[in-house]
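# Fold the following, please.
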Amino acid sequence: MSAFHEVRFPLRLALGASGGPMRRTDIVNLSNGREQRNQRWRASRRRYDVGSGVKSLADLYAVLEFFEARGGQLYGFRFRDPLDWKSCAPDATVSSVDQALGTGDGETVSFPLLKTYGDSAGSWARRITKPVSGTVVVSVNGTAVPTSAFSVNAATGVISFGSGHVPAAGAAIRAGFAFDVPVRFDTDRIEVDLAHFNAGRIPTIPLTEILA
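As a prediction, the model looks like this:
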């Protein structure tokens, strides 16, 4: 991923954000009254508006400073989704068995982090490319492995097992983690409203996810 800064949008402002996943589906109405649905995007793409998180002059300045440092839409950055930011439910604790990453073959050393969303009718596996450093825990066949047994590329979301720790053939690899969403500003303009003394707001600050 080019043109990306490994910094996070201010967390106190992200907590007031609105938005979430978006998909693109074509719906064709047939002459018999039925419809045909076609999925245009293989994966969802997240969009957010963080304008509602701005409450004070300090917040306004923090956004302006962050926006200028990113060059508007030029550089991507990390953003914590206020609802979906770890391998488990928001009210649960991350564990090494949260998410299935794959099955060992005795040779493969690297596995990308994944988060699967699903139920009995269907599922979708999402690539996690921006794990939070120090939060990744891994298990092989249900047994947690020490952090010294693997390394994590926090910029790509790939874990690599060290020499002597390569998962055996048929071994189930699972992991737990916290993560950020890679995003960019979806505008090259920040419009500030200073209508009230010692306070202000930015009506809208759109962000869009950068897909790897």
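
# Spatially, which residue comes closest to the spatially most central residue of the chain, not counting chain neighbours?
Central residue of the chain (C-alpha atoms, centre = their mean): residue 181, 2.8 Å from the mean position. Taking C-beta to C-beta, 6 or more residues apart in numbering, and ignoring the residues beside it in sequence, residue 181 has residue 79 as its nearest neighbour in space, at 5.0 Å. Using the backbone N, CA and C atoms, a C-beta is placed for each residue, glycine as well.

# Check what pLDDT that neighbour gets.
If you check residue 79, the pLDDT there is 97.

# For residue 29, see how far away it is.
For residue 79, the distance to residue 29 (C-beta to C-beta, to the nearest Å) stands at 37 Å.

# out of these two, which sits in the busier spot?
Just comparing residue 79 and residue 29: by other C-beta atoms under 10 Å the higher neighbour count belongs to residue 79, 26 against 9.

# Surely the more buried one touches residue 8?
Yes. Applying C-beta atoms under 8 Å as the test, residue 79 and residue 8 come out as touching, 6.9 Å apart.

# what's the overlap in contacts for those two?
residue 180 (C-beta atoms under 8 Å, 6 or more residues apart in numbering).

# Output the host helix or strand of residue 139 in PDB with nothing but the alpha carbons.
Residue 139 is located in strand 137-140, with elements delineated by DSSP states H and E. What follows is the C-alpha trace of strand 137-140 in PDB, where atoms were taken according to Å, rounded to 0.1, in the frame of the first residue of the first chain:
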ATOM      1  CA  VAL A 137      -2.000 -13.500  20.000                       C
ATOM      2  CA  VAL A 138      -1.800 -16.800  18.100                       C
ATOM      3  CA  SER A 139      -2.700 -20.500  18.700                       C
ATOM      4  CA  VAL A 140      -1.900 -23.700  16.900                       C
END
